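Q: Take a look and give me a structure for this.
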Amino acid sequence: MSKGLRGMYRPLNDYLAALPVDQVAVRLTLAEIEALLATPLCASARTGYRFWFSSSVAQRNWRRAGFSGRLDRASGAVTFTRTPWP
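A: Predicted coordinates:
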């Protein structure tokens, strides 16, 4: 992944990192995520479950920060959940 793409998701990563450690999950609409990023999301982010859970973007961003993401296409929102340390 290019440094530029990681930089694109930095505001989202910073937002998640700033959550209280006892907060287990947060739900953000796609519009809220786009507002954080100050740019539109790609098509695969709007429709693909894999993008938020196991794509290379997820692996190098929010998953590295200890969160998994799950897209609810019907509501247009992603729930980020802290993943416990093994």
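Q: gap between the closest residue in space to Met8 that isn't next to it in sequence and Ala74?
A: If you skip the residues right next to it in sequence, Met8 has Leu37 as its closest partner in space, 6.3 Å away by Cβ to Cβ, 6 or more residues apart in numbering. In this view, the C-beta of every residue, glycine as well, is placed from N, C-alpha and C. In this view, Leu37 and Ala74 are 22 Å apart by Cβ to Cβ, to the nearest Å.
Q: Compute the number of surrounding residues for Gly66.
A: Using other Cβ atoms under 10 Å, Gly66 has 15 neighbouring residues.
Q: what does Asp72 give?
A: Neighbour tally, Asp72, other Cβ under 10 Å: 14.
Q: which residues touch the closest residue to it other than its chain neighbours?
A: For Asp72, the nearest residue in space outside its immediate sequence neighbours is Thr79; the separation is 7.0 Å by Cβ to Cβ, 6+ apart. Residues near Thr79 by Cβ atoms under 8 Å, 6 or more residues apart in numbering: 25-27, 69-70, 72.
Q: For Thr79, which three-state class applies?
A: Assigned state for Thr79: strand (three-state reduction, DSSP: H, G, I helix; E, B strand; the rest coil).
Q: Model confidence for it, exactly?
A: According to the per-residue confidence, Thr79 scores 98 in pLDDT.
Q: now swap in the one 5 residues further on and tell me
A: Model confidence at Pro84, expressed as pLDDT, equals 76.
Q: swap in Leu5?
A: Listed pLDDT for Leu5 reads 51.
Q: again with the one 3 residues further on
A: The model reports Met8 with a pLDDT of 92.
Q: With Arg60 instead?
A: Looking at Arg60 specifically, the model assigns a pLDDT of 92.
Q: Give me the neighbour count for it.
A: For Arg60, the tally of surrounding residues (other Cβ under 10 Å) stands at 15.
Q: All further residue positions should be reported with the first residue as 42.
A: Fine by me, first position is 42 from now on; the one you just mentioned is Arg101.
Q: Roughly how far does it sit from Ser95?
A: According to Cβ to Cβ, Arg101 stands 12 Å off from Ser95.
Q: Good, wrapping up.
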